[in-house]
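J.: just to be clear, the model below is a prediction. Sequence and coordinates:
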Amino acid sequence: QLQLVESGGGLVQPGGSLRLSCAASGFTLDYYAIGWFRQAPGKEREGVSCISSSGGSTNYADSVKGRFTISRDNAKNTVYLQMNSLKPEDTAIYYCAAGASSSCQYRYLEVWGQGTLVTVSS
C-alpha cells in the first residue's frame with residue numbers, strides 16, 4: 001500500500017519554528033516530486049512548496065518565501081518542510097503529496113498523506 005505519513009505538527013508561538021516530515025512507505029520517493037499543501041479552517045487547500053525528485057528544483061508560495069525551506073533525503077525516503085518565523089496565519093492542516101512526475105510541473109497528485117495540524121498561537 002502506498003502511503004505518505006506527515007509528522008512534526010503542533011502548537012507553537014508566533015515567531016517560532018517547526019519541522020514537518022513526510023515519510024513514504026510502500027514506494028520510493030526517488031522518482032517523485034513532492035508538494036506540501038495546507039488547508040486553514042474555512043479556506044481552500046493551497047500549495048505551499050514543492051521539490052523535484054532530485055531536490056535540484058524547489059518553489060514556494062509567496063506567503064512563505066524566505067520563511068519556509070523544503071528539502072528531501074531520498075536515502076531516508078523522507079521530505080521535510082522547515083518552517084521558521086511562523087505567523088498565526090500559518091495555522092492549518094499541512095499535507096504532503098507525491099506528484100505524478102519527477103518535476104513540480106506534475107499534472108496530478110498520486111498519493112496524499114493524512115495531514116498534520118500546525119497551530120500558531122500565543
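T.: Now that the structure is in, tell me what you want to look at. Numbers count the residues shown, from 1 in each chain.

J.: lowest-confidence helix or strand of this structure?
T.: When the helices and strands of the chain are scored by mean pLDDT, DSSP states H and E, strand 109-112 comes last with a mean of 93.

J.: strand partners of that strand, parallel vs antiparallel please.
T.: Using DSSP bridges, the strands paired with strand 109-112 are strand 92-99 (antiparallel).

J.: what sits up against the partner strand?
T.: The contact list for strand 92-99 (C-beta atoms under 8 Å, 6 or more residues apart in numbering) reads 4, 6, 9, 20, 22, 24, 27, 29, 32-41, 43, 45, 48, 50, 79, 81, 106, 108-118. (Each C-beta comes from the backbone N, C-alpha and C, glycine too.)

J.: please repeat the previous calculation with a cut-off of 6 Å.
T.: 4, 6, 20, 22, 32-40, 106, 109-113, 115-118 (C-beta atoms under 6 Å, 6 or more residues apart in numbering).

J.: before we move on, what about stretch 68-82?
T.: Taking C-beta under 6 Å, 6+ apart as the rule, stretch 68-82 contacts 19-24, 29-30, 34, 36, 49, 51, 55, 58, 83.

J.: how close does residue 76 sit to residue 29?
T.: Look at residue 76 and residue 29: by C-beta to C-beta, to the nearest Å, they are 9 Å apart.

J.: the residue nearest the centre of the chain: what secondary structure?
T.: Taking C-alpha atoms, centre = their mean as the criterion, residue 36 is the residue nearest the geometric centre of the chain, at 2.7 Å. The three-state label given to residue 36 by DSSP: H, G, I helix; E, B strand; the rest coil is strand.

J.: which residues does the spatially closest residue to residue 5 that is not a sequence neighbour bridge with?
T.: Among residues not flanking residue 5 along the chain, residue 23 sits closest, at 5.1 Å (C-beta to C-beta, 6 or more residues apart in numbering). Beta-bridge pairing of residue 23 under DSSP bridges involves residue 5, residue 78.

J.: mind pulling up the pLDDT for residue 23?
T.: Note for residue 23: predicted pLDDT of 97.
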